[in-house]
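J.: Could you work out the structure for the sequence below:
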Amino acid sequence: MNKNPYEVLGVARDASDADIKKAYHKLVLKYHPDKNPGDKSAEEKFKEVNNAFDILKDPQKRAAYDRFGDAAFAGGNASGANPFGAGGNPFGNGGFHFNMGGGAGMEDILREAMRGFGFDGFGGAAAGDDRRAGRDLLDEVVIDLKDAYFGKAHTVKFSSDVQCEKCHGFGTADGKQAPKCSRCGGTGYVHTNRGFFAMQTPCPECNGLGYKIDKKCSVCDGAGTVRKSRTLEVNIPAGVEDGTRLRLAGQGEAGQNGAPAGDFYLDVRIRPDKRFERDGADLITKIDVPFTTLALGGEIEVETIDDKKLSVKVPAGTQIGEKLRVRGHGMPGRRAGTFGDLYIEINMTVPTKLTEKQKKLLNEFAGTKPEKRGWF
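T.: Residues are numbered from 1 along each chain as shown. Got it, this is the predicted structure:
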């Protein structure tokens, strides 16, 4: 029986998507197998957290759970399959990796829920080809703000099920799609009428697959997929924003017996930068400016995120906290060839050690009568 996904993530039923994602990130990092080697309880919690997030991140699955509870996901979890595949973690090495589960729509969810009770709707047969598309995979990368400015290529290494090359994913010895099971017509289920409902059970002839393989492929033993180490090159575009999800269509796990592969997603997170704060396409940097320059005016040197040095004029009478704007030296914009602006927030450091001459000059300055109240 599935655990309540809201309780697993520790969020309320009306929690926002942002709250759910924040809770998920916190827990998945806490229970990640790489941080808890050999800890079975942590591994189980890791699976529970991923299953819970798989339900709550998808509006359709969340709505189905809110309405039907555990019955909406008959079979053990939101994707209808072990989210970690045969080998546990779908990625074979370290880092922050997990599986997103399948992309089932509301119709599939409700059909699976009814199957869990042994019914097939109101007497109708399960329609079409029940082969499952491959599962989606998700990885996360953390980059510097400077990488986000220039863009970069990111290499992902992991292990996943891929289509068997010998049988082209069909699981057959001749590499051709197996014929539909004659008993169930390819649905994978047989039906028995029980009053107003049609009871359905997995077809005993094909074991619920919907097709019959007489001679299995010698490489994959009829599965249509093999486990393989993979490397993907993902181009992170210049100007990417924190939380952006990139999609590589068809690069997820291979589908069942020739069905389409899932997709691969990369979530991009950006580390806080010591020099710059980001606001959309604009950047903000704080610069210490001498009091004399603020009072009399002058120029200061400012370093940009792409390591250029700019000479910026400071008007006389500039106040602490004011922002000077330098156009076109922010982050790349969403439209090609456009850039945000750089804002220089004025700050001032009060000197702690003064020479006698400096003290004398400041005392003379303090004793003069200002033209207006409030010198500073």
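J.: Spell out the residue ranges of the strands in the stretch 151-300 of the chain.
T.: Counting by DSSP state E, counting those that start in this stretch, residue ranges of the strands within the stretch 151-300 of the chain are 152-163, 189-194, 197-202, 225-236, 244-248, 264-270, 277-279, 282-288, 298-303.
J.: Mean pLDDT lowest where, among those?
T.: Lowest mean pLDDT of these: strand 197-202, a mean of 70.
J.: one step back: let me have the strands of the stretch 151-300 of the chain in a markdown table, extended by distance to Leu29.
T.: (C-beta placed from N, C-alpha, C; glycine too.) A markdown table is the format used below for the strands of the stretch 151-300 of the chain (distance: least, C-beta to C-beta, whole Å):
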| stretch | distance to Leu29 |
| --- | --- |
| strand 152-163 | 18 |
| strand 189-194 | 41 |
| strand 197-202 | 39 |
| strand 225-236 | 21 |
| strand 244-248 | 18 |
| strand 264-270 | 12 |
| strand 277-279 | 23 |
| strand 282-288 | 28 |
| strand 298-303 | 34 |
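J.: show me where pLDDT drops low in this protein?
T.: 1-2, 71-132, 194-198, 200, 369-376 (pLDDT under 70).
J.: what sits against the residue nearest to the spatial centre of it?
T.: Residue closest to the mean C-alpha point of the chain, counted by C-alpha atoms, centre = their mean, is Asp267 at 3.6 Å. Asp267 sits next to 138-141, 243-246 when contact means C-beta atoms under 8 Å, 6 or more residues apart in numbering.
J.: Show me which of those residues are buried.
T.: 138-141, 246 (16 or more other C-beta atoms under 10 Å).
J.: Ala42: which of those residues is nearest?
T.: Glu140 (19.0 Å; C-beta to C-beta).
J.: and the helix or strand containing that closest one, which strands flank it?
T.: When elements are assigned from DSSP states H and E, Glu140 belongs to strand 136-143. Sheet pairing of strand 136-143 (DSSP bridges) gives strand 97-101 (antiparallel), strand 264-270 (parallel).
J.: Can you mark which positions in the very next helix or strand once past it are buried?
T.: Using DSSP H and E, the helix or strand that follows strand 136-143 in sequence is helix 145-150. By 16+ other C-beta under 10 Å, the buried positions in helix 145-150 come out as 145-149.
J.: is it true that Gly210 touches Ala178?
T.: No. Applying C-beta atoms under 8 Å, one finds Gly210 not in contact with Ala178, separated by 9.2 Å.
J.: sorry, back to before: quickly name whichever of the buried residues of helix 145-150 is closest to Val8.
T.: Looking across the buried residues of helix 145-150 and measuring by C-beta to C-beta, the closest to Val8 is Ala148, at 32.3 Å.
J.: What residues sit buried inside stretch 157-169?
T.: In stretch 157-169, counting by 16+ other C-beta under 10 Å, buried: 158-164, 167-169.
J.: what's the first-to-last distance across it?
T.: End-to-end distance for stretch 157-169: 22 Å, by C-alpha to C-alpha, to the nearest Å.
J.: quick revisit: kindly present the buried residues of helix 145-150 as TSV, with separate columns for distance to Gly317.
T.: Below are the buried residues of helix 145-150 laid out as TSV (distance: C-beta to C-beta, whole Å):
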residue	distance to Gly317
Leu145	33
Lys146	34
Asp147	39
Ala148	36
Tyr149	33
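J.: Is His329 located within a strand, as I assumed?
T.: No. Per DSSP: H, G, I helix; E, B strand; the rest coil, His329 lies outside any strand segment and is coil.
J.: pretty sure it is touching Leu283, no?
T.: Yes. The criterion here is C-beta under 8 Å, and His329 meets it with Leu283 at 7.4 Å.
J.: any common contacting residues for the two?
T.: With C-beta under 8 Å, 6+ apart as the test, His329 and Leu283 both reach 305, 341-342.
J.: what's the closest of the residues you listed to Lys30?
T.: The nearest one, if we look at these relative to Lys30 and count by C-beta to C-beta, is Ile305, at 33.1 Å.
J.: For that closest one, give me its contacts.
T.: Ile305 neighbours (C-beta under 8 Å, 6+ apart): 145-146, 149, 275-276, 283, 329, 331.
J.: if we go to 7 Å?
T.: Contact analysis of Ile305 by C-beta atoms under 7 Å, 6 or more residues apart in numbering lists 145-146, 149, 276, 283.
J.: For the closest residue to Lys228 other than its chain neighbours, name its beta-bridge partners.
T.: Once flanking residues are discounted, Lys228 sits nearest to Val162: 4.7 Å by C-beta to C-beta, 6 or more residues apart in numbering. Val162 forms beta bridges with Val226, as assigned by DSSP bridges.
J.: same thing with Lys157?
T.: Beta-bridge partners of Lys157, as defined by DSSP bridges: Thr231.
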